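Colleague: the following block contains a protein sequence and its predicted model.
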Amino acid sequence: MKNYNLRSTDEHLNNLTSWLPNQTVSERLANTGFNIKYFEKLPSVINHCLPLLSALLERYDSRERCFIFNGIKCGFFLEDVYYCTGLPVDGVEVTGVVKSNNDEKEEICRMYLGVSGLLTKGKISLKNLRDRFINAEDTDYYTRAYLLYVIGSFIVPDKTGRSVDVMFLEQLKDIDKTGTFAWGAALLAHLHVELETASESSLAGHSYSLMIWAFLHIPKLLKLLPNTGRKGPDEFPLLVQWTNWLSLDLKNNFHKNLKSKFSDILDNLKDEDIVWQPYKNLQNLPNDHPQHRENFLCRTVLICYNEVVYHRPDLCPKQYGIDKPEYSGVRKEIAIYKKQRKLSGEIDWSKYTSEKGKVDYSKYIQEWKHRSESLLKEALGVEEHSGPTLSSTPSSIGNVRYDCSNTHFEDDEPEVEPLQPPPSEDATPRTQADASPKTPDDGHGSGGEEITWNTFYLAFSGQAHHSTG
């Protein structure tokens, strides 16, 4: 097991309170599905519980995309992203064209932001975005700049935590259509890749909701915090109230043994210690909730430009109230390849095919488009999932990982195991020692600067901040 002692995250949720959009922009974003009003409710200072995130990282299975606690599999899925953040998990995949030439990137900035000179090492500085546009008069330019700022600060922060990729302007060309994208799915794809490639001291991606997920599903963890010996908030989206509720507890003065105490709880966890369905009584759900709920149980690919991982709710059916899942009606998994290779020039990730034809990104796009055909069959009595449910046959799947600036590509034989149903309840539990180890650094970790792939956040509802533990 790799040892993690996180000293920071690259998720700067506090940035969002330093730039709240004007009323005109807020109203326009509300019409597209963006709920900027939540930002006004955020506390002025937000910190992560770094000892808990460190303990979670050590128990993350990068092959099955879930956490294993004392042989028990638990997953952070589309359902959790939706209820915590309010992001849509249904819609058009977040992908498109990536430019490698800085002159071309500058031209994109001039076209959609009305200015140039924003780039620093091929990316747009978050500070420059705020300083240049916070008083901008053109509503379109202001709105795009603000949304890019949110992406880089919270939705898919890169490893520097200070910049955002130009490529997301493609999703912002038509501001009125930005709400049609599955930003929650893109966020989750990016987070899974960052969980796999995190350094020993820093984690990128949106991890605050992961922390909320752990507290909700394993209430024993909350008992280790000084002031939270009570039930947590239950109003949608959870991120807003939880950032306020935990603000007094998540300061930087954690006891040095707090990580070991979290680890002890996780390593001795029993089934009865877990709240498998913590969202049953969630309040203030939006009207479009049923539309997104249908995607909770899809076993499909999650896409954020070059990043592709599998969504595996089939591994944790209890999280959906399914005691006896059926695995007969799901489409066979497609292979996702793993090997580093460099590409150059302009790349359209929605159409990319490798020279030898091993990798065809259009297959990933089609897999997402047909996600409703990979659903776990609905179990009786699961009232909160009245939509279709997911039927799947699990196997181990890798991920696709690229570096946008150097455009690394993984193109090797797929690591796909024979399709087998998960073990029965009376089978020998899988221990943490049996879990697939985290993939060793293959050039995507701490070596060299890396452009991470931002995902979009629709109903913005929380932020996180660098903190030490």
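Modeller: Structure's in. What do you need?

Colleague: and stretch 362-375, how far out from the chain middle?
Modeller: Here stretch 362-375 is found 19 Å from its chain centre; the criterion is C-alpha atoms, centre = their mean, to the nearest Å.

Colleague: endpoint to endpoint, that stretch covers what distance?
Modeller: Counting by C-alpha to C-alpha, to the nearest Å, the length from the leading to the trailing residue of stretch 362-375 is 21 Å.

Colleague: for that stretch, buried residues please.
Modeller: Buried residues in stretch 362-375, counted by 16 or more other C-beta atoms under 10 Å: 364-365, 367-368, 371, 374-375. (Each C-beta comes from the backbone N, C-alpha and C, glycine too.)

Colleague: pick the one among those residues closest to His217.
Modeller: Nearest to His217 among these is Leu375, at 22.6 Å by C-beta to C-beta.

Colleague: that closest one pairs with what?
Modeller: Judged by DSSP bridges, the bridge partners of Leu375 are Cys298.

Colleague: show me where this structure has helices.
Modeller: When secondary structure is read from DSSP state H, the chain shows helices at 23-31, 50-57, 78-85, 102-113, 126-133, 139-150, 183-197, 208-217, 238-245, 258-267, 289-293, 361-369.

Colleague: dump these to TSV, plus distance to Asn281 and mean pLDDT.
Modeller: Conversion of the helices of the chain to TSV gives the following (distance: least, C-beta to C-beta, whole Å; pLDDT from 0 to 100):
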stretch	distance to Asn281	mean pLDDT
helix 23-31	27	84
helix 50-57	24	96
helix 78-85	12	95
helix 102-113	43	96
helix 126-133	37	94
helix 139-150	29	94
helix 183-197	21	94
helix 208-217	12	97
helix 238-245	12	92
helix 258-267	24	96
helix 289-293	14	83
helix 361-369	31	95
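
Colleague: can you list these in CSV and add distance to Ser163?
Modeller: As requested, those are arranged in CSV below (distance: least, C-beta to C-beta, whole Å):
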stretch, distance to Ser163
helix 23-31, 22
helix 50-57, 22
helix 78-85, 22
helix 102-113, 12
helix 126-133, 6
helix 139-150, 10
helix 183-197, 15
helix 208-217, 20
helix 238-245, 23
helix 258-267, 30
helix 289-293, 30
helix 361-369, 25
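
Colleague: for Glu11, find the nearest of the ones you listed.
Modeller: Among these, if distance is taken as C-beta to C-beta, the winner is helix 208-217, at 6.5 Å.

Colleague: not counting the closest one itself, show me its contacts.
Modeller: Taking contacts as C-beta atoms under 8 Å, 6 or more residues apart in numbering, the residues outside helix 208-217 that touch it are 11, 13, 46, 48-49, 52-53, 56, 74, 76, 80-81, 84-85, 191, 221-222, 232, 238-239, 242-243, 274-276, 278-279, 319, 462-464.

Colleague: in that helix, what counts as buried?
Modeller: For helix 208-217, using 16+ other C-beta under 10 Å, the buried residues are 208-217.

Colleague: quick check: angle from that helix to helix 50-57?
Modeller: 80 degrees (axes from the mean of the first three to the mean of the last three C-alpha atoms, to 10 degrees).

Colleague: send me helix 208-217 as PDB with only the CA atoms.
Modeller: Taking Å, rounded to 0.1, in the frame of the first residue of the first chain, the C-alpha atoms of helix 208-217 are listed here in PDB:
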ATOM      1  CA  TYR A 208     -14.400  18.000  -1.300                       C
ATOM      2  CA  SER A 209     -17.500  16.000  -2.300                       C
ATOM      3  CA  LEU A 210     -15.500  12.800  -1.900                       C
ATOM      4  CA  MET A 211     -14.900  13.800   1.600                       C
ATOM      5  CA  ILE A 212     -18.600  14.500   2.200                       C
ATOM      6  CA  TRP A 213     -19.400  11.100   0.600                       C
ATOM      7  CA  ALA A 214     -17.200   9.400   3.100                       C
ATOM      8  CA  PHE A 215     -18.700  11.200   6.100                       C
ATOM      9  CA  LEU A 216     -22.200  10.400   4.900                       C
ATOM     10  CA  HIS A 217     -21.600   6.700   4.200                       C
END
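
Colleague: gap between that helix and the chain center?
Modeller: Taking C-alpha atoms, centre = their mean, the mean C-alpha location of helix 208-217 is offset from the chain mean by 13 Å.
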